[in-house]
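Engineer: model this:
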Amino acid sequence: MSDSLLTTDPRFWVLSEALASYAGDEDDPPIRDGERLQAAVSLVIRGGVDLDVLLIKRARSERDPWSGHMALPGGRRDPTDRDLRDTARRETLEETGLDLLRSGTPLGRLDDVAPSSPRLPKLTVASFVFGVTAGTTAEVASHEIDSVYWVPLDDVRDPANHTHIEIALPGGPRAFPSYSLVGEHVWGLTHRILRRFLQLYPESALDEL
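Structural biologist: Next up is the predicted model:
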């Protein structure tokens, strides 16, 4: 890992400054009995002419409450992980083959999020932002992953891709906000994380570069 990305691409410097002023919580206390499980995801931004964000589509599985969903690479904290950033890096490597310890520049951390539905696992998800250079690749590296995408950040920002998805629930169907990307709906926790990221890193932040 190197900080050279911050000096060679000013967009990442702007992002790191925005995240630094935001100051997400860096403390990862141990889990005690009865408390929420801990998980972490990587929000990976790739440089180039345009900035891309790394998304995955989870494989369909009866054991996965997020089966078939679009998501950020990540998963539950392992007892061997030093901290939640280590969890995010490990899961990204296991799922996409992208080694953020070697090729990623840590840029900051967003607010933790948690599922609001009682039907989903009781866990808290930490979101870590990493920058990688143009040409960085990712692939399907786990049976838990169906596909991997680099999606232009401009597509996530584009209001034309801001929509809703209707989900069947025990109390009846309910509409949730989503991003329509690569022919899929990005909703739920991932939508919440991306929306918060765009609030911290709006297109206007790049106008003077």
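Engineer: this structure: helices as residue ranges?
Structural biologist: In the chain, the helices defined using DSSP state H lie at 4-8, 10-22, 84-96, 100-103, 153-157, 188-200.
Engineer: low pLDDT regions in this structure?
Structural biologist: 1-3, 22-36, 61-67, 117-121, 206-209 (pLDDT under 70).
Engineer: same thing but 50
Structural biologist: 1, 32-33 (pLDDT under 50).
Engineer: from Ser204, how far out is the residue lying closest to Leu200 once chain neighbours are set aside?
Structural biologist: Spatial nearest neighbour of Leu200, excluding adjacent residues (Cβ to Cβ, 6 or more residues apart in numbering): Ala18 at 5.0 Å. To be clear about C-beta, it is placed using only N, CA and C from the backbone, and glycine gets the same treatment. From Ala18 across to Ser204, the span is 11 Å (Cβ to Cβ, to the nearest Å).
Engineer: which of these two has more neighbours?
Structural biologist: For Ala18 versus Ser204, the count of surrounding residues by other Cβ atoms under 10 Å is larger for Ala18: 18 against 7.
Engineer: my read: that one touches Tyr201, true?
Structural biologist: Yes. Using Cβ atoms under 8 Å, Ala18 is in contact with Tyr201, at 5.6 Å.
Engineer: torsion angles phi and psi at the closest residue to Val49 other than its chain neighbours?
Structural biologist: Nearest non-adjacent residue to Val49, counting by Cβ to Cβ, 6+ apart: Ala134, 7.9 Å away. Main-chain torsions, Ala134, degrees, to the nearest 10: phi -60, psi 140.
Engineer: quick one, what contacts Ala134?
Structural biologist: With contact taken as Cβ atoms under 8 Å, 6 or more residues apart in numbering, Ala134 is in contact with Arg46, Gly47, Gly48, Val49.
Engineer: for the residue nearest to Ser147 when sequence neighbours are not counted, name its beta-bridge partners.
Structural biologist: Spatially, and ignoring its direct neighbours in sequence, Ser147 is nearest to Lys57 (4.6 Å; Cβ to Cβ, 6+ apart). Beta-bridge partners for Lys57, by DSSP bridges, are Met70, Ser147.
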